[in-house]
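Asker: Attaching a predicted model along with its sequence, questions to come.
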Amino acid sequence: EVQFVESGGGLVQPGGSLRLSCTASGFNFGDWRIGWFRQAPGNECERVSDFDTRDGGAYYADSVKGRFTISTNSAKNTVTLRMNNLKPGDTAVYYCNLEHRSPDIVNYWGQGTQVTVSS
């Protein structure tokens, strides 16, 4: 059973910084992509940033490029998202996501953490 431990989030003023961390456990074969999606009220879920073990590459949505940085540990089961220069438009619930491929593709989701950017 895949389990997540998420931390971070909270309330910050525009221009501030926050850090989100997610550790996934309960899997140990195949390859995977691990990272963050977000959903604001009335909006569709948006893929924000993630790390893929298949090619070792990182993905960033255009809306966060240059402001957010994702990093991972040696086991590639923990990702940390450093969010700088936060804007009110970044306000959303952020969900950790694991797309596990072995070879069937299965998506797992964390419980979500609130990020609010407001003065």
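Answerer: Alright, I've got the coordinates.
Asker: Contacts for stretch 40-57, please.
Answerer: 31-39, 58-61, 63-64, 68, 70, 72, 76, 79, 81, 91-95, 97, 101 (C-beta atoms under 8 Å, 6 or more residues apart in numbering). (Each C-beta comes from the backbone N, C-alpha and C, glycine too.)
Asker: Dead centre of the protein: give me the residue that sits there.
Answerer: Nearest to the geometric centre of the chain sits residue 36, at 2.0 Å (C-alpha atoms, centre = their mean).
Asker: wait, isn't that residue in contact with residue 95?
Answerer: Yes: applying C-beta atoms under 8 Å, one finds residue 36 in contact with residue 95, separated by 6.8 Å.
Asker: what is residue 106 paired to in the beta sheet?
Answerer: residue 100 (DSSP bridges).
Asker: Just confirm it contacts residue 100, I think it does.
Answerer: Yes: assessed by C-beta under 8 Å, residue 106 is found in contact with residue 100 at 5.1 Å.
Asker: bridging residues for residue 52?
Answerer: Bridge pairing for residue 52 - DSSP bridges - gives residue 33.
Asker: Compare neighbour counts for residue 106 and residue 100 and give me the winner.
Answerer: Neighbours were counted for residue 106 and for residue 100 using other C-beta atoms under 10 Å; residue 100 has more, 19 against 13.
Asker: Residue 83: neighbouring residues, count only.
Answerer: 26.
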